[in-house]
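A.B. asks: Generate coordinates for the sequence data below:
(chains A and B)
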Amino acid sequence: MKKRNYISGLMGATLLSVGLSTVPALSADITITMAAPDWPPTRFMKEHFDQTYTSPDGHTTTLEMDFIPWPSFYERVAASLTSGEQKYQMIVTDSQWLGAFVEGGYYMDLTDKINADPELTAIMQDLHPALVSSYSTYPHRTRAQLEEAGVVPAPGVSYYGFPQFPDTYVTFYRNDVFCNEGEMAAFEAKYGTNLPCSYEDWQDTDWTKWGQIGEFFKRKKGEMLAGEVLDDDFYGIAYQAGKGYDFSSMQINAFVWQQGGDIWDESKAPTAQAEGVVNSDVAVKAFEEYLSLLQYMPPVAKTGQMDIFVEQDLFMQGKVGAIIDWVGLGEPVLDPSASKVHDKAAFGPAPGSRQADGSIDRTGNIGGQPFVLTTWNDDAVVDEALNVVKWWLSPDTQLEAVANGGQSGLKSVMADPGYNELRPWNRAHVEMIDWQKDVWHVPEFFELLTQQQEEFDKAITGQITAKEALDSIAAFQQELLEDVDLIQN
Amino acid sequence: MTDHTGTRRGFGAWLMDPKRRGALLVTPAIVILFVMNIFPLLWSFGLSFFNYKATSQRVPTFKGLSNYEKVLTDERTWERFQTTALIVSSSVILQLIVGFLLALLFAKAFPMRRIVLMLVLTPMMLSFVSVGVFFKLFYEPTFGIVSYVLNFFTTEHFVMLATPAGAIAGIVIADAWMWSPFVMLLVLAGLVSVPKYLYEAAEVDRASKWRTFWTITFPYIKSLLLLAVLFRTIETFKLFDIVYIITEGGPGSATETIAVFLYRNAFQFFKTSHSSALAYIVLFIVIVLTNLYLYSVNRRAEEVD
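C.D. replies: Next up is the predicted model:
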């Protein structure tokens, strides 16, 4: 009898526990504090969350966004993490910071969560592979390595982040200037080729034509432009050439990759070398081509201060005909209260290097940011944070985000028939995202970047040659990476 | 508790006893000083002997003086010290000249002197960040006011920050613009303290202007000038904000001062121990300069006595 009671008690307990596991978790008040750069894509996320988010687990969830200005974003996040205050449950992070903060024990490995949750697995499978490679994997796995694995998530790979805002750089141009019949005829007469006006024309624009545009439109005050007398100097082209953060590396890497050169390849560590790769003849030639085009840009380019905001500002003031800048900076260009060219701006893919077969290689540096979870969250917060991830990366939310100046990295959303019409740069974004690669994710990222930016800046300001800059960068990287065993001879 | 009359006193009265009041009043300041300054100072001094990185989970190991050795043998450290020395010397000299000339101007009475004096003093009341942003925009070659004005005389835009010399000049001008009024105030204090009868006597003796300045005015302002030099040297030695905003240390590393270099090591590369060692070397230099400053203050006090 006693035995029977014991068995029925055990069965009862088992049934109860099984039953409990199938009902939703107990509802709770959960606050997720997220470190976020202060700009429209994160502002929209907060606004939209407050309006639409309902926790599937029945929690009352608050998303507290700590909006931090871009210039101090890295320092503020890094200071918070290293101080041990454990303020943030989620962080919008540059992909390059993954190494430093994963190794520091701050960013949570989400691989098991993704593997265990079919919804998250489906999201990872729907994300563009360039984004999964750049935003999520550490140690870094290239897109080719992930695709070779054949399954998502790939075995043996650790995943950390999901796209908050996947950014690419595209061409912003003034169609009143580029589609002016007189200018088009004069350009064709001078160079024997067409001045790009339509999206399709920009698809066929390489760096040679970009230089011709720069030369053609460099006009002095008092000269004519598209039938009007200029009241100030005008410039045809601009791209990033700034000393701060990564404001020249992002463009210079594109030149190097497109021409067949490379940066130090962390996915092949520790056998990949910096010496001989970073300063290869191909890389030097590519960097020289980048430098040669600066002469056609507004004079601030000579100071090494042409960052992504400066070129955007010059474009909005109507002083430059075409710039290459991030999609994330496109929205203010269309704002009549901020931009003189709001009704004249159009968008196309960024130029690239013409290959032997006539095609154009547009390989570029991925922009934008993933968001990650931190390691000190308890299970309830982790689960709810992942619910927020699923909400953000759901097609409905993504389409809303895109319509409000954000971007999507989901293949299904980018394939939506109405997607290209949501914002004028969407077509270019879809075309460009396929070309994206990322720089290093190792903990030494900031040291590598700062020294590289300094040497690039010396070359941009004419203090040293392209070769001297790349030789110095290669030697520095070789020594630093050997010191931390990321390069072994 | 009882006082000498045998009546009981409250805790408040005991606390506010004149014997304890002084200690009580300074205690909060000492606690804050300890928590905010002395403890971090000692902690970072300890860290400078380890190989600690704030972003790493590795347990720090003791490295002795190796961080100091690395800092002092690093070519980049010496380059940054040279840059700092160049900026400090140029800026302080310019501040002295401008401040001195302004003081000579304001030592005399003229219409609207007070209002003009207030306007001249305004720059030193602004924040470093505001001054940095102002001058960055002033120097902007496409629409900045400097290039715009010079464009009347030349056909080309003036690109001030494109060369190391131009960028250093840009920073020196911004710093001098901000702090020359401070030098002026000190010198002005010296000028107005010169007894008028000395000038009258010099006039009777038909002394030249130079002789009057050298034998009467200069001795009165000498110590104050020295004070200005030392104070401004110490402050400019730590110059960070203006440099970071106007040039970010560029072109290349041509304007990267030791303070910017230290910041990069500590808060961008998170080489915590390495940067602590560098910070202590900088602190040592500042302490030497401060002692010189205190010495000159004391000398001035003795002269006044």
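
A.B. asks: Domain boundaries for the chain, per the record?
C.D. replies: If you meant another chain, say so; for now it's chain A. Per automatic domain parsing, the structural domains of chain A span A:29-166+A:367-437, A:169-365.

A.B. asks: that's the wrong chain, I meant chain B
C.D. replies: Domain assignment of chain B by automatic domain parsing yields the ranges B:11-47, B:66-304.

A.B. asks: okay, those domains in TSV with mean pLDDT and mean neighbour count next?
C.D. replies: The way it works is simple: take the backbone N, C-alpha and C, and place the C-beta from them, glycine included. Converted to TSV, the domains of chain B look like this (pLDDT from 0 to 100; neighbours: other CB atoms under 10 Å in any protein chain shown):
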stretch	mean pLDDT	mean neighbour count
domain B:11-47	90	11
domain B:66-304	92	18
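
A.B. asks: Please save the CA atoms from whichever strand or helix holds A:Met184 in PDB.
C.D. replies: Per DSSP states H and E, A:Met184 falls inside helix A:181-191. Taking C-alpha atoms only, helix A:181-191 is exported to PDB below (Å, rounded to 0.1, in the frame of the first residue of the first chain):
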ATOM      1  CA  GLU A 181      20.800  67.500 -70.600                       C
ATOM      2  CA  GLY A 182      23.500  70.200 -71.100                       C
ATOM      3  CA  GLU A 183      25.800  68.600 -68.500                       C
ATOM      4  CA  MET A 184      25.200  65.100 -69.900                       C
ATOM      5  CA  ALA A 185      26.100  66.200 -73.400                       C
ATOM      6  CA  ALA A 186      29.200  68.100 -72.300                       C
ATOM      7  CA  PHE A 187      30.300  65.100 -70.200                       C
ATOM      8  CA  GLU A 188      29.800  62.700 -73.100                       C
ATOM      9  CA  ALA A 189      31.700  65.100 -75.500                       C
ATOM     10  CA  LYS A 190      34.600  65.300 -73.000                       C
ATOM     11  CA  TYR A 191      35.000  61.700 -71.900                       C
END
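
A.B. asks: what's that helix packed up against?
C.D. replies: In terms of contacts (3 or more CB pairs under 8 Å, 6 or more residues apart in numbering or on different chains; DSSP states H and E), helix A:181-191 is packed against helix A:207-217.

A.B. asks: Provide the contact partners of the next helix-or-strand element following the helix it packs on at residue level.
C.D. replies: Per DSSP H and E, helix A:207-217 leads on to strand A:224-225 as the next helix or strand towards the C-terminus. Under the criterion CB atoms under 8 Å, 6 or more residues apart in numbering or on different chains, residues A:Val177, A:Glu183, A:Phe217, A:Arg219, A:Leu230, A:Phe234 lie in contact with strand A:224-225.

A.B. asks: Would you point out the most distant pair within the residues you listed?
C.D. replies: Using CB to CB, the pair of those lying farthest apart is A:Glu183 and A:Leu230, separated by 12.8 Å.

A.B. asks: which of those two has more neighbours?
C.D. replies: Comparing A:Glu183 with A:Leu230 by other CB atoms under 10 Å in any protein chain shown, the one with more neighbours is A:Glu183, at 21 against 16.

A.B. asks: burial count for the residue nearest to the more buried one when sequence neighbours are not counted?
C.D. replies: Once flanking residues are discounted, A:Glu183 sits nearest to A:Ala226: 5.7 Å by CB to CB, 6 or more residues apart in numbering or on different chains. A:Ala226 has 18 neighbours, counted by other CB under 10 Å.

A.B. asks: Contact residues of the stretch 201-350 of chain A facing chain B?
C.D. replies: A:220, A:233, A:243-244, A:298-300, A:302-305, A:314, A:317, A:319 (CB under 8 Å from any CB of the partner chain).
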